[in-house]
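# this is a predicted model, with the sequence first.
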Amino acid sequence: MRFFLVLLMGFLLLSAGSASAQRRPVREIKKVFGELYRFQDKFHFSVFLVTPDGIIATDPLNGDAARWLKQELAKRFSQPVKYLIYSHDHADHISGGEVFTDAAVVAHQKAKAAIIREKRPTAIPEIVFSDRMGLELGGQKVELIYVGRNHSDNSIVMRFPAQRALFAVDFIPVKSLPYQNLHDSYIEEWIESLNRVEALDFDTLLPGHGRVGQKKDVRMFRGYMDELWQQVVKYKRQGKSLDEIKQLVKMEKYQGWSGYHDWLPMNIEGMVRQVK
């Protein structure tokens, strides 16, 4: 009897440990190339570049993640964050910027306006730009580029020339459908912004969610967006209803992508809403 009690207690402790592990935030840092690293907090990602003169960091994600990252950077690299760059104004990516008290915060000028207007829980950008801006620190460079409206009206991409990598958040998923009903987006301009990204010089695509990709993934995702837009426009011109369009649109070519079964109807709904 005692043996079974011990066995039961062991099972309960193991189950509790497993449940605790599942609840514990998944945070890790992985090297991309050279001194460029990718930071993960559950389903969100940002990147940072370590230089002899300090660190160039990107989206802080949230307050808890930012505090964890700040401690890890000090412990692993003994370097302060000198620049903190926001990809766009959405709170699930840029909350917690106030944690990096010594960093100069950088964003697109429209992102700053939205952060102030929407009262985002983060530090307000001190440095803004309209089209392009370069940052250099410790012999390393990053280019900040506004490619037009897409998932928001203030998204930028960050190109790391020496590492031949590009960080782009929310508007270029890798082998995945865009999120749900395309809220806060500009579809036709989104497709054009993808064309502009394709014209940039890089090899590795680092998205704000999901797996790491390559430049060809930009072209593949643009193909999805363009094909879906064309089909929606065609059926809308025929006077079809939303329910009819959901039944008529066929995108089997992308059924292996993440979110295909759950998000395709929502993607269609979002596009129908924007077709004039």
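Looks like it arrived, so ask away.
# strands along the chain, start to end?
In the chain, the strands defined using DSSP state E lie at 27-33, 36-41, 44-51, 54-57, 81-85, 104-108, 127-129, 132-137, 140-146, 156-160, 165-168, 204-207, 213-214.
# any chance of those in JSON lines with distance to L228, mean neighbour count and mean pLDDT as columns?
Placement of C-beta: from N, CA and C, glycine included. JSON lines is the format used below for those (distance: least, Cβ to Cβ, whole Å; neighbours: other Cβ atoms under 10 Å; pLDDT from 0 to 100):
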{"stretch": "strand 27-33", "distance to L228": "30", "mean neighbour count": "13", "mean pLDDT": "97"}
{"stretch": "strand 36-41", "distance to L228": "29", "mean neighbour count": "20", "mean pLDDT": "98"}
{"stretch": "strand 44-51", "distance to L228": "25", "mean neighbour count": "23", "mean pLDDT": "98"}
{"stretch": "strand 54-57", "distance to L228": "34", "mean neighbour count": "25", "mean pLDDT": "98"}
{"stretch": "strand 81-85", "distance to L228": "31", "mean neighbour count": "23", "mean pLDDT": "98"}
{"stretch": "strand 104-108", "distance to L228": "27", "mean neighbour count": "23", "mean pLDDT": "98"}
{"stretch": "strand 127-129", "distance to L228": "32", "mean neighbour count": "16", "mean pLDDT": "98"}
{"stretch": "strand 132-137", "distance to L228": "30", "mean neighbour count": "14", "mean pLDDT": "98"}
{"stretch": "strand 140-146", "distance to L228": "25", "mean neighbour count": "20", "mean pLDDT": "98"}
{"stretch": "strand 156-160", "distance to L228": "22", "mean neighbour count": "24", "mean pLDDT": "98"}
{"stretch": "strand 165-168", "distance to L228": "19", "mean neighbour count": "26", "mean pLDDT": "98"}
{"stretch": "strand 204-207", "distance to L228": "19", "mean neighbour count": "22", "mean pLDDT": "98"}
{"stretch": "strand 213-214", "distance to L228": "19", "mean neighbour count": "17", "mean pLDDT": "98"}
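# and these: which comes nearest S176?
strand 204-207 (8.5 Å; Cβ to Cβ).
# now for that closest one, which elements pack on it?
Strand 204-207 sits against strand 27-33, strand 44-51, strand 165-168, strand 213-214, helix 215-237, with contacts defined as 3 or more Cβ pairs under 8 Å, 6 or more residues apart in numbering; DSSP states H and E.
# on that earlier part again, can I get the strands of the chain in a markdown table with distance to G239?
A markdown table is the format used below for these (distance: least, Cβ to Cβ, whole Å):
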| stretch | distance to G239 |
| --- | --- |
| strand 27-33 | 49 |
| strand 36-41 | 46 |
| strand 44-51 | 41 |
| strand 54-57 | 51 |
| strand 81-85 | 46 |
| strand 104-108 | 39 |
| strand 127-129 | 44 |
| strand 132-137 | 44 |
| strand 140-146 | 37 |
| strand 156-160 | 38 |
| strand 165-168 | 37 |
| strand 204-207 | 37 |
| strand 213-214 | 38 |
